[in-house]
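Asker: one predicted model, sequence on top.
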Amino acid sequence: MEWFTEQVIGLISQIPEGKFVSYGQVAKACGKPRAARQVARILKTYSAKLNLPWHRVINSQFKISLGKGNGYEEQKSLLIAEGIVFDNNDKIDPRKYRWDIE
DNA sequence: CGTGTGACGCGGG
DNA sequence: CCCCGCGCCACAC
């Protein structure tokens, strides 16, 4: 397993309940500021098997990146279950829920 | 080895 | 807010 991948997985696993981070945030924190897309791919590949809180990762627009009918509904409900509130535009408030990586 | 594809991000209209 | 284009990068064909 590559170093970057391990960093990403390690970081994601530390996101506190009720909080979120963006793909870009994770990429940056792991030393590759342009690798947001890779972070997404890593989640798709390992989330299920490694029991990661994948739902706590969204895009920089504070919205869920999964298409409706393709995981969107599930991610949303998981976040709501943790107390996160979505506004009328399906976005969440970063001032309340964003987790600023250590 | 060229080409297409994203669970992305940023700027612009 | 929505829609586009462009840059980015690992991967599948």
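Answerer: Ah, there it is.
Asker: pLDDT (mean, whole number) over the helix ranked longest in chain A?
Answerer: Counting residues, the longest helix found in chain A (DSSP state H) is helix A:36-50. Averaged across helix A:36-50, the pLDDT comes to 97.
Asker: could I get the phi/psi values of the spatially most central residue of chain A?
Answerer: Per C-alpha atoms, centre = their mean, the C-alpha nearest to the average position across chain A is that of A:V57, at 0.7 Å. Main-chain torsions, A:V57, degrees, to the nearest 10: phi -120, psi 120.
Asker: let me see the contact set for it.
Answerer: The contact partners of A:V57, by C-beta atoms under 8 Å, 6 or more residues apart in numbering, come to A:12, A:15, A:20-23, A:26, A:39, A:43. C-beta: built from backbone N, CA, C; applies to glycine.
Asker: quick revisit: what packs against the longest helix of chain A?
Answerer: Other helices and strands packing on helix A:36-50, by 3 or more C-beta pairs under 8 Å, 6 or more residues apart in numbering; DSSP states H and E, are helix A:3-12, helix A:23-29.
Asker: quick revisit: for the residue nearest to the centre of chain A, give the beta-bridge partners.
Answerer: Legend: beta-bridge partners of A:V57 under DSSP bridges are A:V21.
Asker: quick one, which of the helices and strands packed on helix A:36-50 is nearest to A:S47?
Answerer: helix A:3-12 (8.4 Å; C-beta to C-beta).
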